[in-house]
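Visitor: next one to model:
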Amino acid sequence: MSLRKVNISILIVAVVIFLLVLHHNFLGLSDFLKRELSDSNSLGLQPIDFIPVVPQRLADEGTDKEISVVIAASDERLGGAIAAMNSIYRHTRSNVVFHIVTLNDTVDHLRLWLSNTALKNLRYRILDFDPRVLEGKVQLDPQKADTLKPLTFARFYLPSLVPHAEKAIYVDDDIIVQDDILELYNTPLKPGHAAAFSDDCDSTTNKVAVRGAGNQYNYIGFLDYKKETIRKLAMKANTCSFNPGVFVANLTEWKLQNITKQLEKWMALNVAEEIYSRTLAGSITTPPLLIVFYKQHSSIDPMWNVRHLGSSAGKRYSPQFVKAAKLLHWNGHFKPWGRTASYAEVWEKWKLLEPSRTLANLYYRAVLAFWSTR
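Guide: Numbers count the residues shown, from 1 in each chain. Below is the predicted model:
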């Protein structure tokens, strides 16, 4: 058989595969639309899809207790959320269920990515977040990107996202897990505490990475102490802040203390009085959390939130330290999917190519091979 005939055969096979996958996806979408649930709760958090079957290996081992992990997945950062879930899934034998919060126009894209990659057996639930829940609570500011991204605030509504769970983990989409998430889930919370965070000032990350950061990791870096509303709270300005990108929540305590309503109260007050610092040191979600959880939160092992990997393109940590970290967090402007962040190659190990891109690459190579013989 000549080289040209071989290339023609490859091209035909690629086209056939492309059409079969396309057909499969259309059928999957049809089934999905038929199964879509019409009921939604008062927050507009609508369950879209759920895979409820416990893997046989977990049933055999008697480890079928659900570990709820909440993650937001915006369309422009979907690859990040997929990599984060992949790293968690591959490092545990526990019964992890992902509660993926997204917007309606991202659901089909997300479901396609999950069902046509190595995550096809992942247990997950997709929730459509209604941005209208934030009306009157967020002052839109083009200079602050977070104010234009409603999913940033999904973490405030954990009891609505996982209504039947007693405990849950929240993680940002710019993380990679390198150990069993069960260890983080088992973080002990003190009586009366609704959440456990990683403190900034005394964390392993801070000692290694951000010496001389000044007010950036104290309350004064997030709240405007010139405002009477803040001064009346009698919170010390030099109190260490914490990072809300990874935390464990006691949802029973969260509901008892009505944490969500408290957070919404401070969000609305900021719209009216601008109580957040004008030189906000981090995410816009941090100030209300700092107020509500002032001296009322437990701590997670700092190795479960080794952060600041996205603070600059340079490498702040040694390879040995990064390897020992249980969770890597690229908070900051430099994201690993942009390939300019430090240790982006670690993130690359866990990324999963979008199915359409994988197929397009196969088709492209086949076409190139075909035309190279002409």
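
Visitor: doesn't residue 138 make contact with residue 271?
Guide: Yes: using CB atoms under 8 Å, residue 271 makes contact with residue 138 at a distance of 7.1 Å. All C-beta spots, glycine's among them, are computed from the backbone N, C-alpha and C.

Visitor: show me which of those two is the more surrounded one.
Guide: Neighbour comparison, residue 271 and residue 138: the larger count goes to residue 138, with 22 against 13 (by other CB atoms under 10 Å).

Visitor: pLDDT wise, what is the more buried one at?
Guide: The model reports residue 138 with a pLDDT of 91.

Visitor: got a list of what it touches?
Guide: By CB atoms under 8 Å, 6 or more residues apart in numbering, the residues touching residue 138 are 147, 150, 153, 267, 271, 284.

Visitor: please pick the buried ones from these.
Guide: Buried by 16 or more other CB atoms under 10 Å: 147, 150, 153, 267, 284, out of the contacts of residue 138.

Visitor: so the last one versus residue 138, what's the distance?
Guide: To residue 138, residue 284 is 8 Å away according to CB to CB, to the nearest Å.

Visitor: arrange the contacts of residue 138 in TSV, one row each, with pLDDT, distance to residue 325 and secondary structure as further columns.
Guide: Compiled in TSV, these are given as follows (pLDDT from 0 to 100; distance: CB to CB, whole Å; DSSP: H, G, I helix; E, B strand; the rest coil):
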residue	pLDDT	distance to residue 325	secondary structure
147	59	31	helix
150	93	30	helix
153	96	27	helix
267	96	32	helix
271	94	37	helix
284	88	26	coil
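
Visitor: make TSV from the residues you listed and add distance to residue 91 to it.
Guide: Converted to TSV, the contacts of residue 138 look like this (distance: CB to CB, whole Å):
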residue	distance to residue 91
147	34
150	30
153	28
267	35
271	41
284	31
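
Visitor: which of the residues you listed sits closest to residue 198?
Guide: residue 284 (19.0 Å; CB to CB).

Visitor: was I right about the closest one contacting residue 152?
Guide: Yes: with contacts counted by CB under 8 Å, residue 284 reaches residue 152, the gap being 6.9 Å.

Visitor: among the contacts of residue 138, which two are most distant?
Guide: For these, the maximum inter-member distance is 14.8 Å, found between 150 and 271 (CB to CB).

Visitor: can you give me the end-to-end span of stretch 234-254?
Guide: 23 Å (CA to CA, to the nearest Å).

Visitor: all strands for the stretch 1-150 of the chain, in order.
Guide: Counting by DSSP state E, counting those that start in this stretch, the stretch 1-150 of the chain has strands at residues 46-50, 66-72, 95-102, 124-128.

Visitor: residue contacts, residue 264?
Guide: Counting by CB under 8 Å, 6+ apart, residue 264 has contacts 137, 156.

Visitor: let me know the pLDDT of it.
Guide: So residue 264 comes in at 98 (pLDDT).

Visitor: buried stuff in stretch 338-357?
Guide: Buried residues in stretch 338-357, counting neighbours by 16+ other CB under 10 Å, are found at 341-344, 346-347, 350-352, 354-356.

Visitor: extract the CA atoms of it and return them as PDB.
Guide: What follows is stretch 338-357, C-alpha atoms only, in PDB (Å, rounded to 0.1, in the frame of the first residue of the first chain):
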ATOM      1  CA  GLY A 338      -1.200  31.000  31.300                       C
ATOM      2  CA  ARG A 339       2.200  29.200  31.700                       C
ATOM      3  CA  THR A 340       3.700  32.300  33.300                       C
ATOM      4  CA  ALA A 341       3.200  31.300  36.900                       C
ATOM      5  CA  SER A 342       5.800  29.600  39.000                       C
ATOM      6  CA  TYR A 343       5.600  25.800  38.900                       C
ATOM      7  CA  ALA A 344       3.100  25.800  36.000                       C
ATOM      8  CA  GLU A 345       4.600  22.400  35.000                       C
ATOM      9  CA  VAL A 346       3.100  20.900  38.200                       C
ATOM     10  CA  TRP A 347      -0.300  22.100  37.100                       C
ATOM     11  CA  GLU A 348       0.200  20.800  33.600                       C
ATOM     12  CA  LYS A 349       0.400  17.200  34.900                       C
ATOM     13  CA  TRP A 350      -3.300  17.400  35.900                       C
ATOM     14  CA  LYS A 351      -4.900  19.300  33.100                       C
ATOM     15  CA  LEU A 352      -7.200  17.500  30.800                       C
ATOM     16  CA  LEU A 353      -7.500  18.700  27.200                       C
ATOM     17  CA  GLU A 354     -10.900  19.700  26.100                       C
ATOM     18  CA  PRO A 355     -12.500  16.900  24.100                       C
ATOM     19  CA  SER A 356     -13.200  19.000  21.100                       C
ATOM     20  CA  ARG A 357      -9.600  20.100  21.000                       C
END
